[in-house]
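Peer 1: pasting the sequence and the predicted coordinates here, then a few questions.
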Amino acid sequence: MSKNRLPTISISPLQSDRSFFSSSGMIERFGRQGMPSLKGMFPAILLIVFVASPAPGESQPWPHFGGPKAGHSIEKPLPSMGIKPEKRWEYPIGFGMSGIVTDGLLAVTQYLEPWDENEAAKPESERSHREMTVALNAQTGERIWQHVHQAKFLESQQAFGGRVRSPQATPLLTDNHVVTIGFEGQVTCHDRSSGRVIWTRNLVHDDDAIAVQFGFSASPTLYKDSVIILAGGPLGVCRIGLVEGEVIWKFPIKEASYAKPQLFSIDGRDHVVAVTRNRILGINAENGKGLWESKLQYLGNTNVPTPVLCQDRRIIVSGQGVGGTAALDINTDDDGCKVEEAWFSDCQWFYCNAAISNGVYVGCVGDSWRGLDIGTGETVIKTRSFGDATLIAMDGGLLVLSGEGELATIKRDGKKLKTEHQWQVL
């Protein structure tokens, strides 16, 4: 990959188990390198296709961050063919950390419009920060619609690692809507067919949220005919109607962190699990009442990885505030919900996503890969492999896209990972 392009990658499946989107923008996380040169910096959305025919009528949507089950996994066989992926189309975009969502018909993402040399020479506070939302035909790459938002420059925010302030949260794609969250907290609900703005609100200016230091990153979560948003401040964790934009309920917190609020069904009840700067919260998704909470070991820290559910009631969380990785068991009885730590590991994920593959919670920090047994927390994978990688857990192994644009299928081999196939796609 050219050094003047953003180094981190996102992937999401498209329609069949052999088709994937990738982007040389960044997926709701931060790369390890400093800000590259602005000159010639025009990343592109790329449709990468494994050459194989899907089963008739078979479809695998990826409508929000983390995929259909929000765990960065799909129940599809790991591609086993040694055939080089074919690039079908590309579409030029700008700076961004937002991932790509798709239902096989539409592909949507966000980015910051690139600056020309005159604009780039200005102090950052004087530059135009035009956040773009673009919806493309997933089969052809043709643009269906785009929307422009002139973002405000907030002194209390900064770009991580010397980069630029650009959209970080991944959009939410539903049957009728597209919901986006910008760097400075602008929430917009679009008509998915036309891009028309249905409603919008700014979490900082309209709702008195504390501006998240490195930008609002927690992607929106669909719940019935509404959206769950981690706003912080008076709105806190909130449920907002998709059609009218009304606040259905709110659970105030002090300050949001970076992980997407998750929706887990435990003992027949829908729990919103949200990680803040200081706590992990379990909230009744229907009415917004608190069900349980767990205080983080280190307060006020950055918590980026998205919680995942396993074994029906076990939630795995990782991050700076956790001080490592913990498994929390949520138990219910007549008195309500109780949370108990099942195990703890000092292995910590910071900005790259981890996923559960064959009973192992696995992911990377830089090029250091670790895997923890979800039952015991024991380290069962310890090796080095692709750096700054985005991954999808599939039946039989992992599909990985590295920070250097390498697409690969890898499988566990004892405590190490074995690369089955590898292609330089970006």
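Peer 2: Received the coordinates, thanks.

Peer 1: number of residues surrounding Val101?
Peer 2: By other Cβ atoms under 10 Å, 25 other residues sit near Val101. (C-beta placed from N, C-alpha, C; glycine too.)

Peer 1: my guess is it meets Gln110, correct?
Peer 2: No: using Cβ atoms under 8 Å, Val101 is not in contact with Gln110; the gap is 10.1 Å.

Peer 1: what's the overlap in contacts for these two?
Peer 2: Residues touching both Val101 and Gln110 by Cβ atoms under 8 Å, 6 or more residues apart in numbering: Pro171.

Peer 1: number of residues surrounding Gly282?
Peer 2: 22.

Peer 1: with Arg384 instead?
Peer 2: 12.

Peer 1: which residues does it bridge with?
Peer 2: Note on Arg384: beta-bridge partners Ser368, judged by DSSP bridges.

Peer 1: quick one: contacts for it?
Peer 2: Per Cβ under 8 Å, 6+ apart, neighbours of Arg384: Asp367, Ser368, Trp369.

Peer 1: can you redo those residues as JSON lines with pLDDT, neighbour count and distance to Asp395?
Peer 2: What follows is the contacts of Arg384, written out as JSON lines (pLDDT from 0 to 100; neighbours: other Cβ atoms under 10 Å; distance: Cβ to Cβ, whole Å):
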{"residue": "Asp367", "pLDDT": "89", "neighbour count": "15", "distance to Asp395": "25"}
{"residue": "Ser368", "pLDDT": "92", "neighbour count": "13", "distance to Asp395": "26"}
{"residue": "Trp369", "pLDDT": "94", "neighbour count": "26", "distance to Asp395": "20"}
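
Peer 1: in TSV: the residues you listed, plus distance to Ala327.
Peer 2: Formatted as TSV, the contacts of Arg384 follow (distance: Cβ to Cβ, whole Å):
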residue	distance to Ala327
Asp367	25
Ser368	21
Trp369	19
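
Peer 1: out of the residues you listed, which one sits closest to Trp249?
Peer 2: Trp369 (39.8 Å; Cβ to Cβ).

Peer 1: pretty sure that closest one sits against Ser357.
Peer 2: No: Trp369 is beyond contact range of Ser357, at 11.6 Å (criterion: Cβ under 8 Å).

Peer 1: count of residues packed around Arg196?
Peer 2: 11.

Peer 1: my bad, should have said Glu75
Peer 2: Neighbour count for Glu75, taken as other Cβ under 10 Å: 11.

Peer 1: doesn't Ala393 make contact with it?
Peer 2: No: distance between Glu75 and Ala393: 9.6 Å, which falls outside the contact criterion (Cβ under 8 Å).

Peer 1: where's the residue lying closest to Gly141 once chain neighbours are set aside relative to Ser294, distance?
Peer 2: For Gly141, ignoring the flanking residues on the chain, the nearest one in space by Cβ to Cβ, 6 or more residues apart in numbering is Trp89 at 3.3 Å. The gap separating Trp89 from Ser294 is 45 Å, by Cβ to Cβ, to the nearest Å.

Peer 1: please, where are all the strands along the stretch 251-400 of the chain?
Peer 2: Using DSSP state E, counting those that start in this stretch, the strands found in the stretch 251-400 of the chain span residues 262-266, 269-275, 279-284, 290-295, 308-310, 314-319, 324-333, 336-345, 355-357, 360-365, 368-373, 379-384, 390-395, 397-401.

Peer 1: would you convert those into a markdown table that also reports distance to Ser219?
Peer 2: What follows is these, written out as a markdown table (distance: least, Cβ to Cβ, whole Å):
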| stretch | distance to Ser219 |
| --- | --- |
| strand 262-266 | 10 |
| strand 269-275 | 12 |
| strand 279-284 | 17 |
| strand 290-295 | 22 |
| strand 308-310 | 15 |
| strand 314-319 | 16 |
| strand 324-333 | 21 |
| strand 336-345 | 24 |
| strand 355-357 | 16 |
| strand 360-365 | 18 |
| strand 368-373 | 24 |
| strand 379-384 | 27 |
| strand 390-395 | 14 |
| strand 397-401 | 18 |
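
Peer 1: check which helix or strand covers Ile240.
Peer 2: strand 226-241 (DSSP states H and E).

Peer 1: pick out the residue nearest the middle of this structure.
Peer 2: The centroid of the chain falls nearest to Phe65 when counting by Cα atoms, centre = their mean (4.1 Å).

Peer 1: tell me the pLDDT at it?
Peer 2: In this model, Phe65 is scored at 94, pLDDT.

Peer 1: swap in Lys152?
Peer 2: The predicted local confidence for Lys152 is 87.

Peer 1: next one: Glu75
Peer 2: Glu75 is assigned a predicted lDDT (pLDDT) of 86.

Peer 1: quick check: closest non-adjacent residue to it.
Peer 2: That would be Asp395: by Cβ to Cβ, 6+ apart, it lies 6.3 Å from Glu75.

Peer 1: is it true that the one you found touches Ser73?
Peer 2: No: assessed by Cβ under 8 Å, Asp395 is found out of contact with Ser73, at 9.3 Å.

Peer 1: those two: which is more packed in?
Peer 2: Ser73 (20 against 13).

Peer 1: and that one, how close does it get to Met394?
Peer 2: Ser73 sits 7 Å away from Met394, going by Cβ to Cβ.

Peer 1: list residues touching both of the two?
Peer 2: Once Cβ under 8 Å, 6+ apart is applied, the residues that Ser73 and Met394 both contact turn out to be Ser357.

Peer 1: can you tell me which residues contact Thr306?
Peer 2: Listed by Cβ under 8 Å, 6+ apart, the contact set of Thr306 reads Phe65, Gly66, Ala70, His72, Ala259, Lys260, Gln262, Asn353.
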